[in-house]
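Peer 1: Turn this into a model:
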Amino acid sequence: MSNHVELLDQYKEIIGAVNKDIGFSWWKRYIAAAFWANISTPLNLALTLITAVTTGQAASQDLISKENNFTLSITALIISTVNTFFRPYDQMNTHLAEMKQWAIFGSKLDNLYYKPDDTVEQLQEKLIASYELFNEINTYRVSKTFKNNFFTDLIHILARLICLRKDTWIKSFDKDFERKERQLETLNA
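Peer 2: Predicted structure coming up:
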């Protein structure tokens, strides 16, 4: 039985690290994607509307005053420059793709985590698969040349402090292992 306890401790350590890593990375990408989505949509909508109005003015000449047309043209230029420089739509799509990859890792973790581990053999299989997933994640992370955006990182930190109490993938992780440890104690008694 002590072999089972040792394996469970090893499994808890590696799967806990993977759980935190996947959850943290997924939430970080989610918050960044949401931020860029909330920037890109209003920018693109404003640019479309302003361009439509200035184009209508060019065709009719009496839609808006010359001063307003000039102001809208300058505004369109500024918004277009900001949109081109920051590329919020591309930023959003990049973070959504990253989120998808972390969700794939999360589904692999789910498949692994919820397999039975009642016997030592089952637990050994899960431990080996956990290390394989851990290595796969590390290989993926090293292969990515992702640019950090310190502003979205700051937003993620604030979200973690304010509303994300546990940014893990499997929320019931701690309770599940408490239950498993109590079951082993009962079997040992």
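
Peer 1: Against which helices or strands is the longest helix along the chain packed?
Peer 2: Ranked by residue count and defined by DSSP state H, the top helix of the chain is helix 2-60. On a contact count with 3 or more Cβ pairs under 8 Å, 6 or more residues apart in numbering; DSSP states H and E, helix 2-60 meets helix 66-86, helix 88-113, helix 120-143, helix 150-162, helix 173-188. For the C-beta atoms, the positions are set from N, CA and C on the backbone; glycine is no exception.

Peer 1: Only the buried residues of the second one, if you could.
Peer 2: Burial within helix 88-113, assessed by neighbour count using 16 or more other Cβ atoms under 10 Å, is assigned to 88-89, 91-92, 94-96, 98-99, 102, 105-106, 108-109, 112-113.

Peer 1: Please apply the same query to the last one.
Peer 2: Using 16+ other Cβ under 10 Å as the test for burial, helix 173-188 gives Phe173, Phe177.

Peer 1: hang on, the earlier thing: out of the buried residues of helix 88-113, which one sits closest to Leu8?
Peer 2: The shortest approach to Leu8 among the buried residues of helix 88-113 belongs to Tyr113, at 13.2 Å (Cβ to Cβ).

Peer 1: From Asp176, how far off is the closest one?
Peer 2: Tyr113 sits 8 Å away from Asp176, going by Cβ to Cβ, to the nearest Å.

Peer 1: any common contacting residues for these two?
Peer 2: Ile170 (Cβ atoms under 8 Å, 6 or more residues apart in numbering).

Peer 1: now the end-to-end length of stretch 169-178.
Peer 2: End-to-end distance for stretch 169-178: 18 Å, by Cα to Cα, to the nearest Å.

Peer 1: Contacts made by it with the rest, please.
Peer 2: Leu8, Lys12, Ile15, Gly16, Asn19, Ile22, Gly23, Trp26, Gly106, Leu109, Asp110, Tyr113.
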